[in-house]
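[1] Predicted model, plus sequence, below.
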Protein chains: 2
Amino acid sequence: MSSTWVPDVSPETPFSLANIPFGIISTPSDPAPHAAVAIGPHVLDLKVLATHGKFAELFPSLKGKDNVLSESSLNSFAALGREVHRDVRRTIQELLSTETGYPEVLRDNDELRQKALLPQRSVKMHLPVSIGDYTDFYAGYHHAYAVGAMFRGPQHALQPNYTHLPVGYHGRASTIVVSGTSIRRPNGQILLDPTAELKQPITGPSRRVDIELELGCIIAKPNQMGTPIKVTQAEDHIFGYVLLNDWSARDIQTWEYIPLGPFNSKNFASTISPWVVLADALEPFRTKAIENKTVLQDYLKEGREDTVFDIELEVDIQTPERDTTTISRTSSKNLMWSFPQMIAHHSLGGCRMNTGDLLGSGTISGPDPKESGSLLELSKGGKEDIMLYGMDVRRFLKDGDIITIRGTCGEPGQRIGFGECVGRIETALPL
Amino acid sequence: MSSTWVPDVSPETPFSLANIPFGIISTPSDPAPHAAVAIGPHVLDLKVLATHGKFAELFPSLKGKDNVLSESSLNSFAALGREVHRDVRRTIQELLSTETGYPEVLRDNDELRQKALLPQRSVKMHLPVSIGDYTDFYAGYHHAYAVGAMFRGPQHALQPNYTHLPVGYHGRASTIVVSGTSIRRPNGQILLDPTAELKQPITGPSRRVDIELELGCIIAKPNQMGTPIKVTQAEDHIFGYVLLNDWSARDIQTWEYIPLGPFNSKNFASTISPWVVLADALEPFRTKAIENKTVLQDYLKEGREDTVFDIELEVDIQTPERDTTTISRTSSKNLMWSFPQMIAHHSLGGCRMNTGDLLGSGTISGPDPKESGSLLELSKGGKEDIMLYGMDVRRFLKDGDIITIRGTCGEPGQRIGFGECVGRIETALPL
């Protein structure tokens, strides 16, 4: 991979030339949200780039469609399909490369470069896609096992269906927010003593606000309603990936979730990273999923083993006293089901997957307890303190805590990452 | 209520002058979907009506906003709020009334009337709203009890949370279709013998495709994320109501739903009526909900008893041999939770309710087994035949069966209804 002429691109940046993730920005000179890519500490404003006279020639796959870069979400671009994403990403890499064949377009074009190449800190990031439906899966085997064992004992940790199908449920799309959005602690119905004979809930702020460390997958081309997506063709329907923090209120969850699943415990907020890493960028980081000894149904057989990605994931907590502790480090490879399998299963009965739809992996935890993707696991069900810098402790989140998720892969100089996925817990509204 | 000058409006029509439901049509002369209301066997094309010179004067609350009637969904109109809906409906009633004060606008205006007043059979109905999120509740007490008793016995029919909060779960918005759309039988994972020690599912067409008779509620004005909607203010957030058939595949459901709730068993399709009956039109049909002896949390206290509507609901099945049987008759009053309570609960933790979002009541069954809103109940869990005309029987749906739901209330000449909510089961795709 060649290097870039863009200044200040450190070898440690997750936004190397090998990445070129897409996002939606607004800028001081153009407050209407529109498309950009990240490169080092900068963004390349694609709406501005599209004004160049040679744009149509450089990006033939966007011929007559370059307005997709001026829209307020990446949906229209995502809908163009994987080959177009590949072409556009490659051409942007070419333009930003030190040995670019088109130095006159951007590298040596002072006027356009100054308009199009902006410091990331000068732009505002928006939700990258308009999300019609959000589905959260439960493919993180170690998380599913640990939480199941906590509630039902190790013998019955996993339900009988777990190894036969990627368990998932419909989430709430209306409260998915971009990184940096504050998260208000939810009020909800809580059963303070679940063991009491008389079940008498109270209403108040959740005392067990938690995180869920997840990878999110964004749909590119839709299928027709009634027509499933084959597992071997699912890659064509994937636009890219985001980091996802699926905030959860465990006390609300315990009381509400039987028999129809989590509801208010989840629908108050989910945070995604501002940058969508395109599917192609992650190809070099494929690895084996967690082994599943169950004989799979045909529609879930992929015919390959390297079906998940090895992305290093980290979770930081910063307390109101500004002490920061990395409370978890794991890898996104800790999944028993791949996104193509999730897509094939989701659409098996004909469910339509629309462009921009978000699929969450489910909480990702590694086999070691230190690799847990939730405080529920790190605190052993809320029973043990998690030690933080500054001699502070947590079992669940306090008001003012800031959670930051990062995900990166690749060598220095060629790193690929999502940027941060950050949220701060605000005090609950008075009832 | 006065009568209408519109011809052929039978006393039995659900589209009396007292109703004026809103929908989205396309017409032979204007294929772009746009707004209309129903009156008897006709529709009044509101996009055409808006071209009248006096429109702005007659509809002052739509001043500068009459383009909402030309849009392909009712969302922008719904977002204007309940007072605007009330004004617009009243003025349309005035224009269509025999004693209209503005006979020159429509009644005596041959040219406009011929363009704007069209036979329903000449227009195509579309999905009335663009639905961002769909939530299905479980407020039909008799259904919840009957199904619970079937699986867990009468002692444990209802979960302890049932009388404390309106149980609900997130559904799938992408597969909600308008009445008349064919429904393909879903393939799915099925455990043929759930009692066997070794759980070995197969993949194939669902053998237990069922209906769920529901009332749907459509959101008007949104709340801000993080700010709940008070139960006493929830009416201001309701645009209107539709009939809803939440098709269900019971065998897929049994295998998949523990622990995170129904998924592929529900997300293949849900059908809604083409006409949205505005909240105001149903006001005269308020009645008491099913008594709940549990002391409610404050945020669920409405301070009134007439919180649900008494709408007569009917379910017809037509076999491929064209024999039609009404298999269920009940009332929408058979709910333990009202829509304002569902909205207050849904938003308690700050969940944003967007304009056009759909809330389903959950299956509505009456206390008598003949009043069941699902085949699961009518066939006692698939164990008994439901007798049909033509000496045919069903436990669940066969390919080619057509299900029609109707809902009406009010006296002849002032009837209010939704039109039909129809769907035909098509053969599953080969795997």
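    Nice, thanks for sending it over.
[2] quick check: longest helix of chain A.
    Using DSSP state H, we find that the single longest helix of chain A is helix A:82-96.
[3] So out of everything in chain A, what residue is nearest chain B?
    residue A:261 (2.5 Å; C-beta to the nearest C-beta). No exception for glycine: its C-beta is placed from N, CA and C like everyone else's.
[4] isn't that residue right up against residue A:169?
    Yes: look at residue A:261 against residue A:169 with C-beta atoms under 8 Å: they come within range, at 4.8 Å.
[5] Now do the shared contacts for these two.
    Common neighbours of residue A:261 and residue A:169 (criterion: C-beta atoms under 8 Å, 6 or more residues apart in numbering or on different chains): B:169, B:170, B:260, B:261.
[6] between the residues you listed, which is nearest chain A?
    residue B:261 (2.5 Å).
[7] And that closest one, how far from residue B:251?
    Separation of residue B:261 from residue B:251 (C-beta to C-beta, to the nearest Å): 16 Å.
[8] Which stretches in the stretch 201-350 of chain A count as helices?
    A:250-256, A:279-282, A:339-346 (DSSP state H, counting those that start in this stretch).
[9] Would you mind finding the most buried of the ones you listed?
    helix A:339-346 (a mean of 27; mean count of other C-beta atoms under 10 Å in any protein chain shown).
[10] That one - contacts with which helices or strands?
    Helices and strands touching helix A:339-346, by 3 or more C-beta pairs under 8 Å, 6 or more residues apart in numbering or on different chains; DSSP states H and E, are strand A:134-137, strand A:168-170, strand A:213-219, strand A:238-245, strand A:358-360.
[11] Residue A:382: which of those strands is closest?
    Across the helices and strands packed on helix A:339-346, residue A:382 has its closest neighbour in strand A:213-219 (17.5 Å, C-beta to C-beta).
[12] Tell me the gap between that closest one and the middle of its chain.
    Strand A:213-219 has its C-alpha centroid displaced from the chain centroid by 4 Å (C-alpha atoms, centre = their mean, to the nearest Å).
[13] Any part of it near chain B?
    No: using C-beta under 8 Å from any C-beta of the partner chain, strand A:213-219 never reaches chain B; the gap is at least 10.0 Å.
[14] One more: stretch A:290-302?
    Yes: using C-beta under 8 Å from any C-beta, stretch A:290-302 reaches chain B at A:297, A:298, A:299.
[15] contacting residues around the first one?
    Pointing back at residue A:297 there. Per C-beta under 8 Å, 6+ apart, neighbours of residue A:297: A:164, A:165, B:189, B:201, B:202, B:203.
[16] isn't the first one right up against residue B:201?
    So that's residue A:164. Yes: between residue A:164 and residue B:201 there is a contact at 5.5 Å, judged by C-beta under 8 Å.
[17] Residue A:235 - how many residues pack around it?
    18 (other C-beta atoms under 10 Å in any protein chain shown).
[18] Repeat that for the one 10 residues further on.
    Residues within reach of residue A:245, counting by other C-beta under 10 Å, total 28.
[19] ditto for residue A:115
    16.
[20] And the one 5 residues further on, by the same measure?
    Residue A:120: 19 surrounding residues under other C-beta under 10 Å.
[21] So which elements touch the host helix or strand of residue A:25?
    Element membership of residue A:25 [criterion: DSSP states H and E] is strand A:22-27. Packing contacts for strand A:22-27, counted by 3+ C-beta pairs under 8 Å, 6+ apart, involve strand A:30-39, strand A:42-45, strand A:124-126.
[22] Packed most tightly, which of these would that be?
    strand A:42-45 (a mean of 24).
[23] and that one, average pLDDT?
    Taken as a whole, strand A:42-45 has a mean pLDDT of 98.
[24] list the helices and strands the next helix or strand after that strand packs on?
    The C-terminal neighbour of strand A:42-45 among helices and strands, as given by DSSP H and E, is helix A:46-49. Helices and strands touching helix A:46-49, as assessed by 3+ C-beta pairs under 8 Å, 6+ apart, comprise strand A:30-39, helix A:110-116.
[25] between these, which gets nearest to residue B:356?
    strand A:30-39 (21.4 Å).
[26] Give me every residue in the stretch 1-150 of chain A lying close to chain B.
    A:132, A:133, A:138.
[27] Tell me which other helices or strands the lowest-mean-pLDDT helix or strand in chain A touches.
    Every helix and strand in chain A was compared by mean pLDDT, DSSP states H and E; the lowest is helix A:141-152, with a mean of 93. In terms of contacts (3+ C-beta pairs under 8 Å, 6+ apart), helix A:141-152 is packed against helix A:375-378.
[28] any idea of the mean pLDDT in whichever helix or strand comes after the helix it packs on?
    Per DSSP H and E, helix A:375-378 leads on to strand A:386-387 as the next helix or strand towards the C-terminus. Computed over strand A:386-387, the mean pLDDT rounds to 98.
[29] so what strands line up beside strand A:386-387?
    Using DSSP bridges, strand A:386-387 pairs in its sheet with strand A:393-394 (antiparallel).
[30] What is the subsequent helix or strand relative to the partner strand?
    Next along from strand A:393-394, by DSSP H and E: strand A:402-409.
[31] Run through who's touching that next one.
    Against strand A:402-409 from outside (C-beta under 8 Å, 6+ apart): A:14, A:211, A:213, A:215, A:243, A:245, A:273, A:282, A:285, A:309-318, A:332, A:397, A:415-418, A:420-425.
[32] 6 Å - rerun?
    A:14, A:211, A:213, A:243, A:245, A:285, A:311-318, A:415-418, A:420-424 (C-beta atoms under 6 Å, 6 or more residues apart in numbering or on different chains).
[33] thinking again about what came up before, the inter-axis angle of the least confident helix or strand of chain A versus strand A:213-219?
    120 degrees (axes from the mean of the first three to the mean of the last three C-alpha atoms, to 10 degrees).
[34] Report the distance from helix A:141-152 to the chain centre.
    Distance, centroid of helix A:141-152 to centroid of chain: 22 Å (C-alpha atoms, centre = their mean).
[35] who touches that helix?
    So helix A:141-152 is in contact with A:138, A:157-158, A:290, A:334, A:336, A:363, A:365-367, A:373, A:377, A:381, going by C-beta under 6 Å, 6+ apart.
[36] Same question for that helix: list its buried residues.
    Residues of helix A:141-152 classed as buried: A:141, A:142, A:143, A:144, A:145, A:146, A:147, A:148, A:150 (neighbour count, 16 or more other C-beta atoms under 10 Å in any protein chain shown).
[37] Identify each buried residue in stretch A:180-190, please.
    A:181, A:183, A:184, A:185, A:186, A:187, A:188, A:189, A:190.
[38] just to revisit the earlier point, any chance of the helices of the stretch 201-350 of chain A in a markdown table with mean pLDDT as columns?
    Shown next, in a markdown table, are the helices of the stretch 201-350 of chain A (pLDDT from 0 to 100):
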| stretch | mean pLDDT |
| --- | --- |
| helix A:250-256 | 96 |
| helix A:279-282 | 98 |
| helix A:339-346 | 98 |
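[39] I'd like the helices and strands packed on strand A:22-27 as a markdown table, with distance to residue A:268 appended.
    Listed next are the helices and strands packed on strand A:22-27 as a markdown table, based on distance: least, C-beta to C-beta, whole Å:
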| stretch | distance to residue A:268 |
| --- | --- |
| strand A:30-39 | 24 |
| strand A:42-45 | 30 |
| strand A:124-126 | 20 |
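[40] is it true that residue A:422 lies in a helix?
    No: Residue A:422: not assigned to a helix; according to DSSP: H, G, I helix; E, B strand; the rest coil it is strand.
[41] ok, it touching residue A:179?
    Yes: using C-beta atoms under 6 Å, residue A:422 makes contact with residue A:179 at a distance of 5.0 Å.
[42] residues contacting residue A:187?
    By C-beta under 6 Å, 6+ apart, the neighbours of residue A:187 are A:205, A:428, A:431, B:348, B:349.
[43] how about a cut-off of 8 Å?
    Applying C-beta under 8 Å, 6+ apart, the residues near residue A:187 are A:203, A:204, A:205, A:206, A:428, A:429, A:431, B:228, B:348, B:349, B:350.
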